[in-house]
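Asker: Got a sequence here, can you model it:
(chains A and B, ligands or ions: 1)
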Amino acid sequence: MTQANETAELLSMVESSATLFLDDACSRAPGTNTFAELWREIVEMGLPLVALPEDRGGSGLGAAGFTCVARQFGRALVAQPYIACGVAPVAAIAALPDGAFSDAALALVADGTFRLAFGAKQSQAPLLAGGRLSGQWKLIAHPATHLMVAAGDALCLVALDGAGIIIEPHKALDGGEIATVSLTEAVPLQVEQGPAAARAGAVALAASRLAHAALLGGLAESAFRQTQDYIKTRAQFGQTIASFQSIQHRSVDQFIANSLTEASVEAAATAFDADPAAPATAALIAAALARASTGAAHVARESVQMHGAIGFTAEADVGRYVRALTGLANFHGTARDNRRQFAQFEDAA
Amino acid sequence: MIDKDMDFNALEDSAFRKLLEDWLAANYPQEWRQDMRRPFRRLRGDDVVRWIGMQLDAGLRCPAWPKEYGGMGLDFLKQSVHQEVFETYGVARVVDLAEVQIGPTLMVHATAEQKARFIPPMLKGEHLWCQGYSEPGAGSDLASLKTAAIVDGDMLRVTGQKIWTSHAQEATHMFALVRTSKGERKQQGISFILLEMDAPGVTIRPIANLAGEEEFCEVFLDDVKVPLANVIGGLDNGWTVAKALLGHERVWIGSPGLATRALTLTRTLLAARPHDDVLFDAYAACAADLHDLRWLYRKTCSAIAGGTEPGVEVSMLKVIQSELLQRITELNVELGGDDALVDGDSPVGDTVTDYGWQYFMARPGTIFAGANEIQRNVLAKAVLGLGSK
Ligand SMILES: Cc1cc2nc3c(=O)[nH]c(=O)nc-3n(C[C@H](O)[C@H](O)[C@H](O)COP(=O)(O)OP(=O)(O)OC[C@H]3O[C@@H](n4cnc5c(N)ncnc54)[C@H](O)[C@@H]3O)c2cc1C
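Answerer: Down below sits the predicted model:
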């Protein structure tokens, strides 16, 4: 078998086992598993490490792997921090040379009793001085046990049970929780400083952005499928709602939107695997995010509308997706921002 | 104090406006006003009763009702001034179906005895009403409703299920459509009845909406006894009664008030960040749309004030306003950026907003009171003459 075939086969195995597992997790009665228990299972499945090379304990699937899994997390709407505690720290680890920092980080990601969250959102500029880190990060996956954040040209690992740390949790629209984390002269477990660390921080952010576009695509795909199922069974005026032409045309428009998102995410994932830090990769990721957020808003709006009143309830499954799509659509910038970033790059090239 | 015998219609618009503004400034509870956090706030429960009482005491209850029923007796033009002043002040919305739906219906279709029994208590806020039309199988196709009522002596025995009944858990009474016989057309054999929510056999289950609030309910009716004397407009004649019910509501529902609130939030969000031409453009598109809606609305209102009865085309206003409102709330979510992920309040300048809430609460406008698809079907057929039938 060729290398490409092998990779494709492995990818499809990872996809189907992730799909089975996530569907099963969704079907369990509420309260069956705590947040921490479910995360441990995710780690045991090896999902956070799919992108890491095999010689470092991963599946060697790169961005094709983590976008595929992130998409499944979106599709199943399991509110677990796959991107923040899996994709992002692993991308940083892969971008760093072997050493104390990446060993420590990898040990945390590979052990399901911990959750090492990457801080993608600074809300107060960080300061690393005399081995102590101060700063504030918002929208951090919660509850996390550790934080990985960039501070200037340094990358820091911080245990969140130490001194000088304040954590304010909030509920999130995707059904999970997020926190604002403030550090005041906290002592990091590990610090890596220099150009390689700065690059690894940037790569972790790029991976988060790319995986987020995939996640949005999965959410939109699933909301769309549920709506399709609904309109094929819901009858009014003696026929299914799906038989009305305006509903059919608008269904096709959503199908088109989802197909474009999938293609754009695939293109960005290929670029990421070629060079995760290249400006061209950043531009393709921006394009994918722009498409995914536009699609998210589009599908959320149509999902409610085509369901009628039942789409406006919290208990209908589609309602959970609409809440998640609304909350997450602009998490890594609006479609306008990302389109602009993409076009500015195209223009300069 | 406002003189209860005052002929409001005789006042200059500006004097009437001032009278209302002064009264609101002196009496309206600050915490009820719409703000950035709750731009479309609705009063619930005891607050509704209190609000009705305040208006009643001030002689400001039921602007559109004739004076003989205890209303303000405003002509159409004064009603639009009233609406504008209240919306501009940020008066919270109430689901007061007594005022806008069942009261006016009874005035036209009820017997003198029925009017005497039901109108005074709804005016005073002693009875709170909900609307039992929709059923699990009967939404847009309302006439396919199945809740059955069988005549038994001088009683109806009602069995079936209603759904999406707004504020049923706070209502004392429901006006409902039920099937009393099978006609050739499904619109035949429907009766319009009034029932008490605490009657034996009525079970209410609230349903949480997208914003997490329990606003509408399922109402199960299990052999509920309703006096025949509570049938409005005669047995099997309910469809005609219900259709007439809409009246000027079709105009008010197109009011630009909610979109104006939502755009005020947009402006606040934009002011809290550095200027950005692209975002300003997005705001400008909404602002211009709102401006045009406002003028189409005013134009319609003046035509009606001038004696032209509104035709089918007024439902355009509802389509425009509900969709514009959704666009504006989507823009607000966009302006929230990553903070929109928070389920609850986020800081904006020196205030707070709840990005999800305002987005979710703008969703139903395109679904209820005739979904926009149905409105478009009707407009295409009845106004443009498109389609085969
Ligand atoms: C917040 C809220 C409050 C409500 N309060 C009340 C209340 O107090 N009392 C009450 O009786 N009801 C109430 N309703 C129900 C409301 O009247 C119904 O939601 C409405 O009639 C639509 O019915 P449905 O929800 O069953 O949607 P459906 O009729 O099932 O429609 C689903 C989708 O299909 C579309 N569709 C249907 N037919 C066609 C067609 N021919 N062509 C094209 N598209 C079509 C619809 O437009 C919609 O997008 C409320 C609804 C909401 C959302």
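Asker: got the residues of the stretch 101-250 of chain B near chain A?
Answerer: B:134, B:139-141, B:144, B:163-164, B:207-210, B:212, B:216 (Cβ under 8 Å from any Cβ of the partner chain). Using the backbone N, CA and C atoms, a C-beta is placed for each residue, glycine as well.
Asker: out of those, which one sits closest to B:Ala288?
Answerer: Nearest to B:Ala288 among those: B:Leu210, at 28.7 Å, using Cβ to Cβ.
Asker: Please report the distance of the nearest residue to the closest one once chain neighbours are set aside from B:Phe40.
Answerer: Nearest residue to B:Leu210, sequence neighbours excluded (Cβ to Cβ, 6 or more residues apart in numbering or on different chains): B:Phe360, at 4.0 Å. For B:Phe360, the distance to B:Phe40 equals 10 Å [Cβ to Cβ, to the nearest Å].
Asker: got it, and A:Ser293?
Answerer: 25 Å.
Asker: Which of those two has more residues huddled nearby?
Answerer: More crowded of A:Ser293 and B:Phe40, by other Cβ atoms under 10 Å in any protein chain shown: A:Ser293, with 29 against 18.
Asker: Over to the more buried one. Which of the three states is it?
Answerer: Recorded secondary structure, A:Ser293: helix (DSSP: H, G, I helix; E, B strand; the rest coil).
Asker: name the element the closest residue to B:His127 other than its chain neighbours belongs to?
Answerer: Take B:His127 and drop its neighbours on the chain: the residue closest to it by Cβ to Cβ, 6+ apart is B:Pro121, 4.4 Å away. Assessed by DSSP states H and E, B:Pro121 sits inside helix B:112-123.
Asker: So what touches that helix?
Answerer: Helix B:112-123 is contacted by residues B:56, B:61-62, B:65, B:69-71, B:98, B:102-103, B:106-107, B:110, B:127, B:129, B:173, B:194, B:229-230, B:232 when judged by Cβ atoms under 8 Å, 6 or more residues apart in numbering or on different chains.
Asker: so who does residue 210 touch?
Answerer: Going with chain A. Contact analysis of A:Leu210 by Cβ under 8 Å, 6+ apart lists A:63, A:66-67, A:265, A:268-269, A:272, A:285, A:288-289.
Asker: Chain B was what I was after
Answerer: With Cβ under 8 Å, 6+ apart, B:Leu210 has these contacts: A:304, A:312-314, A:319, A:322-323, B:360, B:363.
Asker: Can you show me the helices along the stretch 151-300 of chain B?
Answerer: B:238-244, B:249-252, B:257-271, B:277-305 (DSSP state H, counting those that start in this stretch).
Asker: what's the least confident stretch among those?
Answerer: Note on those: helix B:249-252 shows the lowest mean pLDDT, a mean of 82.
Asker: Name the SS class of B:Lys4, please.
Answerer: coil.
Asker: That one touches B:Arg61, doesn't it?
Answerer: No. B:Lys4 is not in contact with B:Arg61 according to Cβ atoms under 8 Å; the separation is 10.5 Å.
Asker: Export the helix holding B:Pro121 to CSV, keeping only CA atoms.
Answerer: Backbone C-alpha positions of helix B:112-123 (Å, rounded to 0.1, in the frame of the first residue of the first chain) are rendered in CSV as follows:
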residue,chain,number,x,y,z
ALA,B,112,-74.5,41.6,25.5
GLU,B,113,-74.4,39.0,28.3
GLN,B,114,-71.0,37.7,27.2
LYS,B,115,-69.6,41.2,27.0
ALA,B,116,-70.8,42.1,30.4
ARG,B,117,-69.3,38.9,31.8
PHE,B,118,-65.9,39.1,30.3
ILE,B,119,-65.0,42.7,29.2
PRO,B,120,-64.9,44.5,32.6
PRO,B,121,-62.6,41.9,34.3
MET,B,122,-60.2,41.9,31.4
LEU,B,123,-60.1,45.6,31.4
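Asker: pLDDT averaged over it, what's the number?
Answerer: 98.
Asker: That helix: how far from the chain's middle?
Answerer: 21 Å (Cα atoms, centre = their mean, to the nearest Å).
Asker: count of residues packed around residue 98?
Answerer: You didn't pick a chain, so chain A it is. 10.
Asker: Oops, wrong one, chain B.
Answerer: With other Cβ under 10 Å as criterion, B:Ala98 counts 28.
Asker: and it, what is it in contact with?
Answerer: B:122-123, B:125, B:127-129.
Asker: Nearest to the ligand among those?
Answerer: The nearest member of those to the ligand, counting by Cβ to the nearest ligand atom, is B:Trp129 at 9.8 Å.
Asker: What residues does the residue nearest to the closest one when sequence neighbours are not counted make contact with?
Answerer: Leaving aside its sequence neighbours, B:Trp129 sits nearest to B:Leu97 (Cβ to Cβ, 6+ apart; 4.4 Å). For B:Leu97, the contacting residues are B:129-131, B:175, by Cβ under 8 Å, 6+ apart.
Asker: If we use 10 Å, what do you get?
Answerer: Each residue near B:Leu97 by Cβ atoms under 10 Å, 6 or more residues apart in numbering or on different chains is listed here: B:103, B:105, B:122, B:128-131, B:166-167, B:171, B:173-175, B:245.
Asker: Chain neighbours aside, what residue packs nearest to the residue in the stretch 51-200 of chain B positioned nearest to chain A?
Answerer: Proximity of the stretch 51-200 of chain B to chain A (Cβ to the nearest Cβ) peaks at B:Asp141, 4.0 Å away. Nearest residue to B:Asp141, sequence neighbours excluded (Cβ to Cβ, 6+ apart): A:Gln236, at 4.0 Å.
Asker: Please apply the same query to A:Phe101.
Answerer: A:Glu192 (3.9 Å).
Asker: My guess is that neighbour contacts A:Val149. True?
Answerer: No. Judged on Cβ atoms under 10 Å, A:Glu192 makes no contact with A:Val149 at a distance of 11.8 Å.
Asker: Flag the shaky bits of chain B, pLDDT-wise.
Answerer: Counting by pLDDT under 70, chain B has low-confidence residues at B:1, B:244-247, B:388-389.
Asker: Which single residue in it comes nearest to the ligand?
Answerer: For chain B, Cβ to the nearest ligand atom, closest residue to the ligand: B:Gly139, 1.8 Å.
Asker: Kindly tell me how buried that residue is, as a neighbour count.
Answerer: 23.
Asker: and it, what are its phi and psi?
Answerer: phi -110, psi -100 (degrees, to the nearest 10).
Asker: Kindly report the same for the one 10 residues further on.
Answerer: With angles defined as degrees, to the nearest 10, B:Ala149 shows backbone torsions of phi -130, psi 130.
Asker: Bridge partners for it, pull those for me.
Answerer: B:Val158 (DSSP bridges).
Asker: if I read this right, it contacts B:Leu221, doesn't it?
Answerer: Yes. Judged on Cβ under 10 Å, B:Ala149 makes contact with B:Leu221 at a distance of 9.0 Å.
Asker: Need the residues touching each of these two.
Answerer: B:157-160, B:176, B:178, B:195.
Asker: can you count the residues close to the nearest residue to B:Ala138 once chain neighbours are set aside?
Answerer: Here the nearest residue to B:Ala138 in space, its sequence neighbours aside, is B:Leu145; by Cβ to Cβ, 6+ apart that works out to 4.1 Å. Residues near B:Leu145, counting by other Cβ under 10 Å, number 25.
Asker: residue contacts, B:Leu145?
Answerer: B:132-139, B:160-162, B:176-179, B:186, B:190, B:238.
Asker: Tell me, how many residues neighbour whichever residue of the stretch 51-200 of chain A sits closest to the ligand?
Answerer: Residue nearest to the ligand within the stretch 51-200 of chain A: A:Leu173 (19.2 Å; Cβ to the nearest ligand atom). Neighbour count for A:Leu173, taken as other Cβ under 10 Å: 24.
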